[in-house]
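**Q** Below is the sequence, then the predicted model.
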Amino acid sequence: KALNILLVSLDKTEYNLVRRCTSVHEVWKLLILTHEGTEQVKNAKLALLNRDYELFKMQPNESIKNLYNHFFDITNALLGIGKVFGKDELVKKLLGCLNDEWEPKVTAIEESKDLKVMEIEELL
């Protein structure tokens, strides 16, 4: 019964991939492998995303909206594969990646707010 419920919830491409599986466990393992990759692939993705995170900086002429979107794309992808961030880590990283044009605002925020408890959404 569980196998049937799982199979009817899949789209045609995924169904065709797993239709020969005889147990829910087989279906689940194949779907995980298909969507997440092998352990080696996951480690490579993690390394690449960590690199993107560490080197993240505001680009010349980049809008603040695009910066936020790019930052959240990277951090959400890292969260999705198990990376854990401290609340203040993301706030500090985002403030630290802004270019010199933003320095007065960054300084004002750092002096007026407690970054350890500040939510990243407050920067938006």
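**A** Arrived safely.
**Q** which ones are touching Val106?
**A** Contacts here follow Cβ atoms under 8 Å, 6 or more residues apart in numbering; on that basis Val106 touches Leu95, Gly96, Leu98. Heads up, the C-betas are built off the backbone N, CA and C, glycines and all.
**Q** Kindly report the same for Val24.
**A** Ala2, Leu3, Leu6.
**Q** ok, of the residues you listed, which one's closest to Lys65?
**A** Nearest to Lys65 among the contacts of Val24 is Leu6, at 39.2 Å by Cβ to Cβ.
**Q** and the closest one, how many neighbours?
**A** As a burial measure, Leu6 scores 17 neighbours (other Cβ atoms under 10 Å).
**Q** right, and it touches Glu26 too?
**A** No. With contact defined as Cβ atoms under 8 Å, Leu6 does not count as touching Glu26 (10.5 Å).
**Q** any idea how far Asn4 lies from Val27?
**A** Asn4 sits 11 Å away from Val27, taking Cβ to Cβ, to the nearest Å as the criterion.
**Q** Comparing the two, which residue is more hemmed in?
**A** Val27 (22 against 9).
**Q** Can you tell me how far the more buried one is from Tyr15?
**A** On the measure of Cβ to Cβ, Val27 and Tyr15 end up 10 Å apart.
**Q** Now do the shared contacts for the two.
**A** Residues touching both Val27 and Tyr15 (Cβ under 8 Å, 6+ apart): Leu7.
**Q** show me the contacts for Trp28.
**A** Neighbouring residues of Trp28 by Cβ under 8 Å, 6+ apart: Leu6.
**Q** please redo it, this time with the cut-off set to 6 Å
**A** Trp28 makes no contacts at all, as judged by Cβ atoms under 6 Å, 6 or more residues apart in numbering.
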